[in-house]
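Peer 1: sequence plus predicted model, see below.
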Amino acid sequence: MSSQEKESPDFEKILSFLKHISPREYQKQIYLTCSKKNTLVIVPTGLGKTLIALLLTIDRMLKFPDSKILFLAPTRPLAEQHFSYFKKHLPELFAQMDIFTGKTPAEKRKELWQNSDIVFSTPQCTGNDIKNNLYTLENVSLLIEDECHRCFKNYAYTYVAEKYLAHSRMPRILGLTASPGHEKEKIQQIAKNLGIEAYEIRTRDSPDVKEYMQKLEFDTIHVEFPEEFKKMTNSLKKISDRKIEELKSRKLLFGPPTKINVLNTQKKIMGAIASGNKHFNLLTGASACAQVLKVQHAIELIETQTLASAQEYIQGLFEQARKQESKAVQNVIKQPEFNLAYTQLMQLIARKAEHPKLLVLKDLVEREMQKNSKTKLLVFAQFRDTVVKICKEVNQIPGVNARVFVGQSKKTNQKKEETGLSQKEQQELIKEFSLGTVNLLASTSIGEEGLDIPEVNTVVFYEPVPSAIRKIQRAGRTARLSKGNLTVLITDGTRDESYYWTAFHKEKKMYKVISTLKDELENKSNLSNEEDKQRTLI
């Protein structure tokens, strides 16, 4: 506790300021830790991280009445969501609350800062304001960083936290996330960037959480990969294998030819070329890497997505080659195996064949609708073309009103159809979903993090994801207020299987790593306290 620090107010006094809400016991216990130390709180989606932030906000404002609170979230809709939550659960006269976005003129933000008690913003907006000397953080008694697993490398969270720890007269940091990842070094770096002194972690199975959790039915559905699909991927693998052997023979690729290894190899090669090394070996290697990645992506789409998405992608390659945008692409489409795979693909599409996962998904949705006509479903898929196709298919089912839920960036496909939802459109769609006028969202990764998507009865992973963070965030969308179902579709003998087990082991490792780091911090703190006692005795 710093010389500036004061004793926390009585918890009952903090509760007296809350409107329409009461904390659960685990939220109280987490808050008590946060009130004493900079804390990294790791709690599944839907277990009330924002209420912990609200309790700590009241605590800091009672301790330091003239100070400010800064609550950061990675996107404007998420910042607005937290702003609305605080408005709903704090008395109107408790504090002046304002939201900062890039749409608010800089001079207006400077003026608002002077009069605000609690500011909600994005890290990019606040980071730029600090760089431009619009205001300083010296009078901020609490910095909250939501989705703080992003506080890494050059993301704006890191810069704001660094400036805050350097300049605040009464610093306290609260980091919130459903998952910080599984790598010990990365978690340690996040903790270092935030000045973390304690960890608070809960899972669905934690004793003090379990009683509040609804039953989660978990299921994996294994789908056989059709022989006709294998013929296409086998043709494409011949191209990929040739190029991988070429990279190895040129002493450019070492280790297994995974996507990450090929990407890292490409990055090193391009770095060397950018530095002026135009050696033939490097130039040829750069082209080989690009070809491997293009072909591997086509294989992934055929194995795990839909034939429609594979068709969209391959036709895009033909268009790039026609426009002579990439020599690597021109080389790929010249390969006889590539044209054979494309011919096989178009024959299957002409017969109205599709990936069997899509048929399984339609059956699943139909069964859920028959069981409960008011059910709400959230289907996650990796790629936009896939969620578009999913929507078209499931909307044929009576009673289903499915919509595509994607990020802001506008992308035009081969049919000249434009995808991309503005933040306002995203919020309107979430409202329709909440009201039940839309009952199925087919979402890319935009639906995984942060946004206040209402309670969902069934979550479906169209494909497993190899990330523990993304798996936990996806799964956290159901079984919050009522019983929920989580189903993962897996195509046997494809990267679906390896991705599923990768995420499984990463999640187990994450909890083990965090537990170890927590013990290390507590042992260090106990040792420090013991040393302080010894010095006092001397």
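Peer 2: The structure has been received and is ready for your questions. Just so you know, these numbers come straight off a predicted model, no measurement behind them. Numbers count the residues shown, from 1 in each chain.

Peer 1: off-centre distance for stretch 110-125?
Peer 2: 25 Å (Cα atoms, centre = their mean, to the nearest Å).

Peer 1: oh, that last question was meant for stretch 159-167, not what I typed.
Peer 2: That offset, for stretch 159-167, works out to 24 Å (Cα atoms, centre = their mean).

Peer 1: now do the buried residues in that stretch.
Peer 2: Tyr159, Val160, Ala161, Lys163, Tyr164, Leu165 (16 or more other Cβ atoms under 10 Å). Any C-beta I mention is one placed from the backbone N, CA and C, and that applies to glycine too.

Peer 1: pull that stretch out as CSV, backbone CA atoms only.
Peer 2: Below are the C-alpha coordinates for stretch 159-167, written out as CSV (Å, rounded to 0.1, in the frame of the first residue of the first chain):
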residue,chain,number,x,y,z
TYR,A,159,1.2,2.5,-23.8
VAL,A,160,-1.6,3.8,-21.6
ALA,A,161,-0.7,1.5,-18.7
GLU,A,162,2.9,2.5,-18.9
LYS,A,163,2.0,6.2,-18.8
TYR,A,164,-0.5,5.6,-16.0
LEU,A,165,1.9,3.7,-13.8
ALA,A,166,4.5,6.5,-14.4
HIS,A,167,2.3,9.5,-13.7
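
Peer 1: contact partners of that stretch?
Peer 2: Residues from elsewhere that reach stretch 159-167 (Cβ atoms under 8 Å, 6 or more residues apart in numbering): 70, 72, 123, 126-127, 130, 136-138, 140, 143, 145, 151, 171, 173, 193-195.

Peer 1: run the last query once more with 6 Å
Peer 2: Residues outside stretch 159-167 that contact it (Cβ atoms under 6 Å, 6 or more residues apart in numbering): Pro123, Thr126, Gly127, Ile130, Thr136, Leu137, Glu138, Leu143, Pro171, Asn193, Leu194, Gly195.

Peer 1: show the buried residues in those.
Peer 2: Buried among the contacts of stretch 159-167 (16+ other Cβ under 10 Å): Pro123, Thr126, Gly127, Ile130, Leu137, Leu143, Pro171, Asn193, Leu194, Gly195.

Peer 1: let's see which of these end up in helices.
Peer 2: In helices, defined here by DSSP state H, the members of these are Pro123, Thr126, Gly127, Ile130, Asn193.

Peer 1: of the residues you listed, which is the nearest to Ile42?
Peer 2: Asn193 (15.6 Å; Cβ to Cβ).

Peer 1: one step back: list just the nearest of the buried ones among the contacts of stretch 159-167 to Gln29.
Peer 2: Nearest to Gln29 among those is Leu194, at 20.3 Å by Cβ to Cβ.

Peer 1: go ahead and confirm Leu282 touches Ile269.
Peer 2: Yes. Leu282 lies in contact with Ile269 (Cβ atoms under 6 Å); the separation is 5.4 Å.

Peer 1: list the buried residues of the helix or strand Gln29 falls within.
Peer 2: If you go by DSSP states H and E, Gln29 is part of helix 25-36. For helix 25-36, a neighbour-count test (16+ other Cβ under 10 Å) marks Tyr26, Gln27, Lys28, Ile30, Tyr31, Thr33, Cys34, Ser35 as buried.

Peer 1: and the gap between Ile302 and His182?
Peer 2: Distance of Ile302 to His182, computed by Cβ to Cβ, to the nearest Å: 29 Å.

Peer 1: neighbour count: these two, which is higher?
Peer 2: Per other Cβ atoms under 10 Å, whichever of Ile302 and His182 has more neighbours is Ile302, with 28 against 22.

Peer 1: which residues in the stretch 151-300 of the chain form strands?
Peer 2: 173-177, 198-201, 216-223 (DSSP state E, counting those that start in this stretch).

Peer 1: so for Phe461, what's the nearest residue that isn't a sequence neighbour?
Peer 2: With sequence-adjacent residues excluded and distances taken as Cβ to Cβ, 6 or more residues apart in numbering, Phe461 is closest to Val488, at 4.3 Å.

Peer 1: got a pLDDT number for the one you found?
Peer 2: At Val488, the model reports a pLDDT of 96.

Peer 1: just say helix, strand or coil for it.
Peer 2: Following DSSP: H, G, I helix; E, B strand; the rest coil, we place Val488 in the strand state.
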